[in-house]
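Novice: Model the structure of this input:
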Amino acid sequence: MVTVEFTSALKRFFPTLQKEELEADTILTLIDKVDALYPGIKRYILTEKDVVREHVKVYVDEEPAAANNPLLQPLQNGQKVLIFQAISGG
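Specialist: Coordinates of the predicted model:
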C-alpha cells in the first residue's frame, strides 16, 4: 500500500479529500485510483495530456518525483506521496 496525502488547497474543491492508502505501482496509477474516489481530481493534478500541471508538485518520501517523467515513477509498498498545489500571489 502507498499512502497519498494532499495539502489543504485541494480541499477547497474536494471537501472530503483525506489521506488514503491505496495499491499503486506508479504515480499515474495512484492518481487514477484517487480520481475513482474523488471524481474530477485528476484534472486538477494533470493536464488533458496527462502531464503534471505547472503549479502542482508531487513528492515521494519527501523527495521531488522524477523530473523526466514523474507519472511513470515506480512506487513501492510503504512509500508516501504528497500532492500539492503551489500557491502564489502578489
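
Novice: Stretch 69-81: how far from the chain's middle?
Specialist: Relative to its chain's centre, stretch 69-81 lies at 10 Å (C-alpha atoms, centre = their mean, to the nearest Å).

Novice: Tell me the buried residues in it?
Specialist: Under the neighbour-count criterion of 16 or more other C-beta atoms under 10 Å, stretch 69-81 has 70-71, 73, 75, 79, 81 buried. In short, each C-beta sits where N, CA and C put it, glycine included.

Novice: Do me a favour and get the end-to-end distance for that stretch?
Specialist: End-to-end distance for stretch 69-81: 15 Å, by C-alpha to C-alpha, to the nearest Å.

Novice: likewise stretch 69-76?
Specialist: One end of stretch 69-76 to the other measures 17 Å (C-alpha to C-alpha).

Novice: Let's test this: mean pLDDT of it, rounded?
Specialist: Across stretch 69-76, pLDDT averages out at 93.

Novice: And the helices in this protein, which stretches?
Specialist: Ranges of helices within the chain are 27-37, 41-45, based on DSSP state H.

Novice: okay, those, which one's buried deepest?
Specialist: Greatest average neighbour count among those goes to helix 27-37 (a mean of 18), per mean count of other C-beta atoms under 10 Å.

Novice: List of residues touching it?
Specialist: The contact list for helix 27-37 (C-beta atoms under 8 Å, 6 or more residues apart in numbering) reads 2, 4, 20, 22-24, 41-42, 45-46, 50, 58, 60, 65, 70-73, 75, 81, 83.
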